[in-house]
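> output the structure for:
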Amino acid sequence: MRATQLAAAALAALLATTAAGCSDDPAPAPGAADLGGTDRSTVRDGGTLRWAVDAVPATLNVHQPEATADSALLAGALLPSLFRLDTRARPVADPDYLAGAESTPPGQSPQTVTYRLNPNATWSDGTPLSAADFTAQWKALSGADPAYLTDHPGGYAQIDSVTQGADPHEVRVVLKQPYAAWRELFSPLYPAAVTGTAQAFNQPLADTFRTSAGPFTVTSYDEAAGKVVLARNPHWWGDPVKADELDFVAVPAADRLDALDQDKLDIAALTSSVDRAVPADSAGAAPPDAAAAAEASAQALKRAEALPGLTLHRAAAPAFTQLTLNSTRGPLADPVVRRAIARAVDRQKTATAALGPLGVKAAALGNHLLMNDQDGYRDNSAALGTTPAAELLDQAGWPLNGATRSKDGKELSLTLLLPDGSATARRTADELAAELTAAGIAVKPQPVAPDTFVPQHLATGDFDLALFSWPSTGYPGDERALYAKPRPGADGVPVVGLNYARTGSEEIDQLFDKAAGELDPGVQRDLVQEADARIWQLAHSVPLYQRPDLVAVRNTVAGAGAYGFGSPRFQDVGFLKG
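This is a model prediction of the structure:
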């Protein structure tokens with residue numbers, strides 16, 4: 001699940017726990033990961049781990065439209081990922097699947113990637129991983145055959161050929177043009193039987209999927225009962241798997257604290273459980289007011305911290321909250337006004353207001369494309385310049401008239417769209433409103449139901465300012481769709497796609513394209529930073545901070561917690577000895 005598909009699929013979920021502004025100095029990065037014991041020698045063999053998911057996923061094929069974050073979580077236990085991100089979002093080859101992988105150096109054409117597969121790596125039916133699996137997945141995801149129902153993840157269309165190398169354990173992939181994010185490809189890798197035909201690819205990959213190549217295999221897949229059971233893969237060749245079984249149990253966020261307290265779960269993400277907690281006496285009544293919701297969230301956090309026998313792990317998630325400015329709405333069509341708003345927002349103060357109550361280190365985010373805890377991060381907000389917001393608004397013809405600025409008899413008044421029910425979003429919106437009000441801009445927070453947030457507001461342009469979160473994949477090129485200049489459609493109306501700010505430039509698009517094809521890491525990093533600086537100058541949006549990730553883990557469990565950009569090493573997760 002990559003690029004536009006990842007962003008679109010994750011946005012709705014992120015809206016449920018979104019939170020969100022201009023300090024000139026970068027703050028220290030928050031914790032990249034927070035896990036319980038990670039030393040395999042301290043973990044005993046055996047036992048069943050109970051892991052909460054939002055729902056039993058309809059598919060384990062992360063490239064299908066129905067895929068969710070839970071699809072990706074389970075796929076990580078079942079399927080090969082040639083490269084995995086570390087906690088700094090750096091791709092690292094997984095030795096369980098790769099003996100080595102290298103690309104031709106910059107300037108050598110055509111770019112050829114040579115994968116040397118671990119000779120022990122086999123599918124659970126005994127078939128070795130091979131060029132056939134790579135070939136089938138490439139053809140399924142390249143976009144050449146529209147019968148495959150997928151969004152065609154970035155990179156696969158750049159492949160010219162896939163062949164076996166010097167022996168059955170070597171695969172050579174030749175690209176039509178240089179592709180910097182080649183390590184993103186084939187992670188996860190599916191067996192050729194699943195991707196070899198459109199008919200097979202388009203089928204829901206769930207209860208019938210039994211061919212894995214991970215430390216676990218599927219033994220039971222019951223959507224009605226809300227449970228997926230994974231057992232040790234008897235053909236696994238890597239480090240011995242610690243747990244006998246992983247039970248992924250569908251538990252709504254609202255019920256997770258009770259389930260943990262009643263010893264029904266061992267691992268559960270609690271970000272939404274805390275952020276969207278509902279007062280006990282409001283069941284069936286009208287939605288609680290902001291004060292009641294904030295109090296319920298605070299009480300839920302206290303309960304999460306005090307659950308007996310459990311630890312609440314905290315880290316920055318691979319997602320960021322930002323403020324989008326609709327460049328087609330009234331005064332926001334003027335880039336000077338947008339820059340004034342960006343200058344008026346105190347990102348550090350906003351981050352502290354939003355994250356402080358959650359016990360998460362509040363670090364303002366100064367980059368649209370790289371997160372605080374990501375390798376290469378740099379705060380580029382200085383690209384906005386140093387002119388104060390008040391001076392910019394004066395230049396734009398919006399003088400202060402009493403407490404609020406006005407022009408031609410009309411007040412500078414804006415709506416601020418935020419997801420309803422989120423205590424963190426409400427704290428953020430209130431802080432943003434206070435900061436902008438101090439600059440003479442009247443702001444009216446407008447809570448909107450998460451299920452209507454995108455189709456009825458972001459997609460249609462029915463908003464002035466919007467507060468919500470985007471995922472971050474660890475590959476900066478994947479964010480291109482969020483900032484790509486809208487192009488006229490067949491009817492002449494600009495197609496905005498995921499660029500809800502509705503503004504962009506040819507220069508930004510070209511910088512993304514150059515970065516995507518630049519194999520020199522240093523040169524690519526410079527291009528990404530330049531693209532981010534141009535996005536700042538355009539005042540497209542204001543990145544605020546990484547979202548929090550709260551995960552409760554039973555104290556007897558090792559190798560689990562808040563992973564940040566990382567992911568579980570499922571063969572290591574288990575129960576502590578003693």
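
> which residues does stretch 487-494 contact?
Stretch 487-494 is contacted from outside by 486, 495, 502, using CB atoms under 8 Å, 6 or more residues apart in numbering. Heads up, the C-betas are built off the backbone N, CA and C, glycines and all.

> mind doing that once more with 6 Å?
Contacts with stretch 487-494, where a contact means CB atoms under 6 Å, 6 or more residues apart in numbering, come from 486, 495.

> that stretch spans what distance, first to last residue?
Taking CA to CA, to the nearest Å, stretch 487-494 runs 5 Å from one end to the other.

> doesn't residue 258 fall inside a strand?
No: in this structure, residue 258 is helix, not part of a strand, as judged by DSSP: H, G, I helix; E, B strand; the rest coil.

> most centrally placed residue in this protein?
Relative to the mean C-alpha position of the chain, the nearest C-alpha, by CA atoms, centre = their mean, is the one of residue 471, at 2.6 Å.

> quickly list what that one is bridged to.
Here residue 471 sits in beta bridges with residue 319, going by DSSP bridges.

> what about residue 398, distance to residue 243?
With distances taken as CB to CB, to the nearest Å, residue 398 is found 61 Å from residue 243.

> for residue 331, same thing?
57 Å.

> so for those two, which sits in the more crowded spot?
Set residue 331 next to residue 243 and count neighbours by other CB atoms under 10 Å: residue 243 wins out with 27 against 22.

> was I right about the more buried one contacting residue 572?
No: applying CB atoms under 6 Å as the test, residue 243 and residue 572 come out as separate, 9.3 Å apart.

> now residue 359: how far from residue 304?
Between residue 359 and residue 304 the computed distance is 10 Å (CB to CB).

> these two: who's more crowded?
Here residue 359 and residue 304 are compared on neighbour count by other CB under 10 Å; more neighbours surround residue 304, at 23 against 13.

> what about that one, which SS state?
For residue 304, the secondary-structure state derived from three-state DSSP is helix.

> what about the stretch 401-550 of the chain, any weak spots by pLDDT?
The model of the stretch 401-550 of the chain has no residue with pLDDT under 70.

> what ranges do the strands span in the stretch 151-300 of the chain?
When secondary structure is read from DSSP state E, counting those that start in this stretch, the stretch 151-300 of the chain shows strands at 159-164, 170-175, 216-222, 227-232, 245-250, 267-269.

> any idea which of these is most buried?
Greatest average neighbour count among these goes to strand 267-269 (a mean of 25), per mean count of other CB atoms under 10 Å.

> what sits up against it?
Contacting residues not belonging to strand 267-269 are listed as 51, 52, 256, 260, 551, 552, 553, 560 [CB under 6 Å, 6+ apart].

> from these, pick the one nearest residue 539.
Of all the contacts of strand 267-269, the one sitting nearest residue 539 is residue 551; the distance, using CB to CB, is 35.1 Å.

> spit out the contact partners of the closest one.
269, 313, 561, 562.

> checking it next. Helix, strand or coil?
State at residue 551, reduced to three classes by three-state DSSP: strand.

> bridging residues for it?
The bridge-partner assignment for residue 551, based on DSSP bridges, gives residue 269, residue 313.

> quick one: buried residues of the host helix or strand of residue 452?
According to DSSP states H and E, residue 452 maps onto helix 450-453. Taking 16 or more other CB atoms under 10 Å as the neighbour-count basis, helix 450-453 is seen to contain the buried residues 450, 453.

> just checking, what packs against it?
The criterion is 3 or more CB pairs under 6 Å, 6 or more residues apart in numbering; DSSP states H and E, and there are no helices or strands that helix 450-453 contacts.

> what's the burial count for residue 264?
Going by other CB under 10 Å, the residues that sit close to residue 264 add up to 15.

> hang on, I meant residue 33
As a burial measure, residue 33 scores 19 neighbours (other CB under 10 Å).

> next one: residue 102 relative to residue 503, how far apart?
From residue 102 across to residue 503, the span is 40 Å (CB to CB).

> could you do residue 318 as well?
Following CB to CB, the distance that separates residue 318 from residue 503 is 26 Å.
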